[in-house]
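Asker: I would like the atomic coordinates for the input below:
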Amino acid sequence: MDFVSPVLDVTSRICNCVGGRADHLRRLPQKLNSLRAAMEKLNNVYKDVKERVEREENLEKKRTHVVGGWMERVEAMEKEVNELLDRCDEEIQKKCLGIYCSKICRAIYKLAKMVPEKMDAVAELQSEGSNFQEVAVPLPSPHVIERPLEEKPLVGLDSPFREVWRYLKDKQVGTIGIYGMGGVGKTTLLKKISNKFLQSSNKAFDIVIWVVVSRPTNLGRVQETIRSRLQIPDDRWKGSEEDDKAAEICRILKTKKFVLLLDDIWEPLDPLRVGIPPLGHGNESKIVFTTRSEDVCRGMAARKSIKVECLEEKEALSLFQAKVGENTLNSHPDIQKLVEMVAKECKGLPLALIVIARAMASAKTPQEWERNLQKLRMHPKDVAGTENDLFSVLAFSYDCLPDEATRSCFLYCSLFPEDYQIQSEHLIQLWIGEGFLDEYDDIQEARNQGGEIIQMLKRACLLEAGTTPFLEEGEYLKMHDVLRDMALWLACEKGKKKNKFVVKDGVGVIRGREVEKWKDAQRISLWNETKIEKLREPPQFPNTETLIGCSMMSTFPSGFFTNMSIIRVLDFSNNRTLNLLPAEIGNLATLQYLNLSHTWIIHLPIELKNLKKLRFLILDGMFSLRSLRNQMVSSLSSLQLFSMKFLSSGPLVDEIMLLEELEQLEHINDISIMLTSIQSIQRLFESHKLTRSTKSLNLVQCKGVNQVQLLSPCIKELMLLRCHELEEVKIIHFEKQVVPSKFPNPQCCFNHLLSVRINACNKLLDLNWLMHAPKLQSLYIAHSEIIEKVIEDERSDGSEIESGFSVFSRLIYLTLIDLPKLESIYGLVLSFPSLREINVWNCPRLKNLPFDCNICMSKQLEKIIGQQKWWHGLEWEDQTVMHNLTPYFQPR
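Answerer: Presented below is the predicted three-dimensional model:
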């Protein structure tokens with residue numbers, strides 16, 4: 001029994017073990033199916049998580065470490081489960097083949113016990129993956145984000161790029177403004193600067209932030225862009241007020257050395273309101289912005305302002321050719337020359353070059369190019385792309401002008417021909433005549449406002465400084481040809497009213513059929529070899545307010561002025577062929593401005609006395625004029641401005657009668673006049689009204705006049721021409737106090753005197769009275785055999801006069817011609833902060849120029865014109881002055 005009992009116990013244990021394993025073996029297939037199902041669910045969760053991760057990564061985020069680890073564990077688990085399933089399938093297959101042994105039994109049993117463990121692990125992973133709230137976080141902000149830019153950026157930007165980059169390295173320069181007209185390449189330049197920071201050698205800044213500001217300025221959008229680059233989290237941003245957002249931006253930027261690139265600013269942006277900490281005082285961060293207006297540079301307190309200019313002709317052609325493409329350029333031998341002609345029409349404006357090149361790229365025959373060239377010259381809006389891609393872009397500058405008057409003044413400039421040098425004073429007079437500045441009752445106030453508008457248009461890069469003709473004075477302007485085309489497009493209501501502004505330049509004879517189309521014209525401008533054929537009947541101009549130019553029309557068709565019911569301005573100045581003024585002009589009841597300067601008219605029709613609304617009558621340089629009818633001028637009851645000057649030989653008019661008629665006019669307050677006798681001069685200064693109103697005085701061939709006593713406060717221009725007996729000029733105050741010219745009195749200054757011309761006055765030696773003109777802008781002295789010094793040395797004990805202004809501190813133009821005894825301009829050196837142009841001719845004894853070393857510091861000086869021999873003979877106390885001035889010398 002003792003032996004049997006242990007045997008039975010072992011047998012029982014073996015049977016129990018085999019029975020347990022048999023149970024595992026029976027349930028194994030079911031467990032494997034459950035594992036497969038669980039793994040499939042986990043895979044679905046994995047796929048969902050992976051898709052979320054990929055979406056976030058496409059948004060420049062990266063997966064969290066937790067999610068990344070989970071995905072790796074799922075991938076490992078899938079591999080383990082697949083291996084387990086394969087092994088179980090293999091062992092079960094052996095069993096099915098009838099292979100029984102304890103070894104196989106033990107293996108299946110062992111595998112069967114692993115299945116529940118994997119089931120639990122799979123379930124845990126599934127639960128973890130289903131509860132991810134966040135699968136990715138933003139990537140660390142890169143130092144700089146690359147801006148899309150052509151492989152070869154626009155030509156012509158290398159110079160401004162180097163200048164900006166130099167200032168970025170200058171610790172003294174915090175804010176840099178880049179300005180220029182629309183389409184000139186400012187944004188491209190800013191992109192080039194941004195991408196320069198991508199280079200490993202340019203990591204001096206922690207972060208470069210790019211913001212497109214545009215118009216209208218949206219402070220919140222600017223802050224949002226900066227916030228995105230700084231990766232400020234939602235919990236510190238959402239729901240915050242503007243000031244709180246600014247504070248958060250400022251808090252972060254204070255910890256960084258940054259470059260803020262602001263593109264397309266239209267009005268000054270306050271950096272503090274955005275959240276930009278103040279620059280300087282140890283903060284070496286930078287702000288660089290682009291704008292179309294120089295005023296914005298000032299408003300942004302830019303330490304350096306850099307103007308981007310249009311391309312030079314060679315650079316422009318290179319860009320145009322690149323955009324047209326080799327296939328087109330090589331399609332016909334004649335096309336290359338036509339390409340050059342078309343590129344010239346764009347006048348170096350990159351945007352125009354690109355748009356026009358794009359439109360021409362498909363033209364493969366010379367005939368197509370010729371047709372498009374003609375279209376570009378005559379009707380540029382008809383060239384594909386010019387309205388939407390060119391004019392509309394440029395028009396943003398027009399839209400941003402402050403008021404309707406300024407916009408009207410700008411559009412008016414398009415009435416002048418291409419490349420025309422517009423005299424600033426003439427343009428302002430036209431603006432006043434048109435009524436653009438009617439809010440100013442006083443003509444001088446209106447002139448001042450006109451001058452401010454010109455400066456505003458120049459700072460907005462809508463007008464440019466022109467070239468003053470040789471020996472002329474005053475400011476000249478010009479309008480870029482593409483801007484002019486855009487202005488005409490706008491004036492014609494974006495091309496919808498083709499003939500609202502009619503501008504014809506050098507078109508020859510205009511047929512009657514063409515004139516008939518002008519019935520809707522508001523302004524008509526005819527220039528250079530443009531004439532109108534004889535008309536069968538008087539034309540209809542019911543909407544015409546302006547007729548200017550007519551520079552080659554010796555006569556007008558009969559009845560031409562009959563049907564101008566609302567005409568305001570007639571300007572026939574500089575028409576050297578016009579010798580007869582139609583009497584029908586006297587019927588233009590609405591006419592307010594009439595300019596006949598530099599025409600060859602002999603007699604003015606008496607009918608002009610009917611022009612009761614005429615405010616401006618300008619008769620300068622009418623060398624052939626022989627008479628002014630009695631009571632004609634005095635009949636012009638609304639006349640405010642009368643000008644009759646620069647008549648070198650003197651008109652055969654009764655000057656005394658003219659002065660008396662002018663004195664009768666109630667509204668006259670601006671007189672420019674030429675006088676030729678001592679009686680006329682006395683009559684002028686006997687009248688307080690005439691003296692107050694006289695702004696420009698020409699004294700020409702005044703016989704018997706050896707002394708001129710001038711009433712000081714009112715005169716702006718003074719010309720003394722061939723007054724051979726004139727010896728002295730004296731100043732008279734209103735109380736008739738005579739002041740010798742050598743002893744200035746602070747109460748007796750020519751405070752308004754801007755221009756002095758002295759020509760062939762061979763007894764006038766003393767010019768010290770010029771020291772009484774602290775605001776003098778132009779000085780012309782010519783053909784005197786006795787003048788030795790402009791200002792006597794005895795007054796050279798100081799360079800500041802009693803008015804508080806330095807001598808010649810406002811002088812812009814200085815002309816000295818044929819002065820054989822001239823030795824000195826002034827006894828002391830001066831800075832001449834406003835001087836732009838010097839002309840010296842035949843002044844052999846003038847060996848010194850009174851310039852100090854700061855002569856070029858104001859950057860106003862443009863040229864010094866003189867004889868080469870004279871220039872080389874100059875003596876310099878300071879060689880620095882010579883080196884500074886030499887680049888400006890132009891031999892003549």
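
Asker: averaged pLDDT, stretch 553-565. What do you get?
Answerer: Throughout stretch 553-565, pLDDT has a mean value of 87.

Asker: so what's residue 29 up against?
Answerer: The contact partners of residue 29, by Cβ atoms under 8 Å, 6 or more residues apart in numbering, come to residue 92. All C-beta spots, glycine's among them, are computed from the backbone N, C-alpha and C.

Asker: for it, give its distance to residue 91.
Answerer: 12 Å (Cβ to Cβ, to the nearest Å).

Asker: now residue 82
Answerer: 15 Å.

Asker: okay, which residue is most central for this structure?
Answerer: Among the residues of the chain, residue 461 comes closest to the average C-alpha position under Cα atoms, centre = their mean, at 2.8 Å.

Asker: in terms of helices and strands, where is that residue?
Answerer: In the assignment (DSSP states H and E), residue 461 maps to no helix and no strand.

Asker: let me see the contact set for it.
Answerer: Neighbouring residues of residue 461 by Cβ under 8 Å, 6+ apart: 179, 180, 181, 182, 184, 292, 293, 294, 307, 397.

Asker: try it again with 7 Å
Answerer: Listed by Cβ atoms under 7 Å, 6 or more residues apart in numbering, the contact partners of residue 461 are 179, 180, 181, 292.

Asker: and residue 115, by the same measure?
Answerer: Residue 115 neighbours (Cβ under 7 Å, 6+ apart): 31, 32, 35, 84.

Asker: ok, now residue 335?
Answerer: Residue 335 neighbours (Cβ under 7 Å, 6+ apart): 328, 329, 366, 369.

Asker: so how do I select the buried members of those residues in PyMOL?
Answerer: Listed next is the PyMOL selection for buried residues among the contacts of residue 335, using 16 or more other Cβ atoms under 10 Å:
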select buried, resi 328+369
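
Asker: make TSV out of the contacts of residue 335 and add pLDDT.
Answerer: Below are these laid out as TSV (pLDDT from 0 to 100):
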residue	pLDDT
328	92
329	93
366	94
369	94
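
Asker: so which pair among the contacts of residue 335 is furthest apart in space?
Answerer: 329 and 366 (12.3 Å; Cβ to Cβ).

Asker: what are the buried residues along the helix or strand encompassing residue 321?
Answerer: If you go by DSSP H and E, residue 321 is part of helix 313-324. Residues of helix 313-324 classed as buried under the neighbour-count rule (16+ other Cβ under 10 Å) are 315, 316, 317, 318, 319, 320, 321, 322, 323, 324.

Asker: ok, now stretch 45-52?
Answerer: Neighbour-count burial for stretch 45-52 flags 45, 46, 49, 50, 52 (criterion: 16+ other Cβ under 10 Å).

Asker: and for stretch 863-880?
Answerer: Under the neighbour-count criterion of 16+ other Cβ under 10 Å, stretch 863-880 has 864, 865, 866, 870, 871, 874 buried.

Asker: so for it, first residue to last residue, what's the gap.
Answerer: Using Cα to Cα, to the nearest Å, the end-to-end distance of stretch 863-880 comes to 17 Å.

Asker: which residues touch that stretch?
Answerer: With Cβ under 7 Å, 6+ apart as the test, stretch 863-880 has contacts from 837-841, 843-844, 847-849, 853, 882, 885, 888-892.

Asker: same thing but at 6 Å, please
Answerer: Stretch 863-880 has contacts (Cβ atoms under 6 Å, 6 or more residues apart in numbering) with 837-840, 847-848, 853, 882, 888-892.

Asker: what do you get for stretch 597-615?
Answerer: Counting by Cβ under 6 Å, 6+ apart, 572-575, 578-579, 581, 583, 586, 591-592, 618, 620-621, 624, 626-627, 629, 632, 635-640 sit against stretch 597-615.

Asker: now do the same end-to-end measure for it.
Answerer: Termini of stretch 597-615 sit 16 Å apart (Cα to Cα).

Asker: who has more neighbours out of residue 82 and residue 91?
Answerer: In this view residue 82 and residue 91 are compared by other Cβ atoms under 10 Å, and residue 91 has more residues nearby, 20 against 12.

Asker: show me what the helix or strand harbouring that one is packed against.
Answerer: Taking DSSP H and E as the criterion, residue 91 maps to helix 65-96. When contacts are defined as 3 or more Cβ pairs under 6 Å, 6 or more residues apart in numbering; DSSP states H and E, helix 65-96 sits against helix 4-58, helix 102-130.

Asker: again, 10 Å this time
Answerer: Counting contacts by 3 or more Cβ pairs under 10 Å, 6 or more residues apart in numbering; DSSP states H and E, helix 65-96 packs against helix 4-58, strand 61-63, helix 102-130, strand 136-138.

Asker: give the contact list for residue 422.
Answerer: For residue 422, the contact set (Cβ atoms under 10 Å, 6 or more residues apart in numbering) comprises 412-413, 415-416, 430, 454, 463, 466, 475-479.

Asker: what of residue 634?
Answerer: For residue 634, the contact set (Cβ under 10 Å, 6+ apart) comprises 609, 657, 658, 660, 661, 662, 663, 664, 665, 668.

Asker: now residue 449
Answerer: By Cβ under 10 Å, 6+ apart, the residues touching residue 449 are 405, 406, 409, 428, 431, 432, 436, 437, 439, 440.

Asker: which one of those is nearest residue 791?
Answerer: Checking the contacts of residue 449 against residue 791 by Cβ to Cβ gives residue 428 as the nearest, at 31.8 Å.

Asker: could you find the closest non-adjacent residue to that closest one?
Answerer: Closest residue to residue 428 apart from its sequence neighbours, by Cβ to Cβ, 6 or more residues apart in numbering: residue 450 at 3.4 Å.

Asker: run a quick neighbour tally on that neighbour.
Answerer: Neighbours of residue 450 (other Cβ under 10 Å): 23.

Asker: mind checking how far the helix or strand encompassing it is from the chain centre?
Answerer: In the assignment (DSSP H and E), residue 450 maps to helix 443-459. In this view, helix 443-459 has its centroid 17 Å away from the chain centroid, taken as Cα atoms, centre = their mean, to the nearest Å.

Asker: ditto for stretch 521-528
Answerer: On Cα atoms, centre = their mean, the centre of stretch 521-528 falls 27 Å from the chain's centre.

Asker: and if you look at stretch 699-709?
Answerer: Offset of stretch 699-709 from its chain centre (Cα atoms, centre = their mean): 48 Å.
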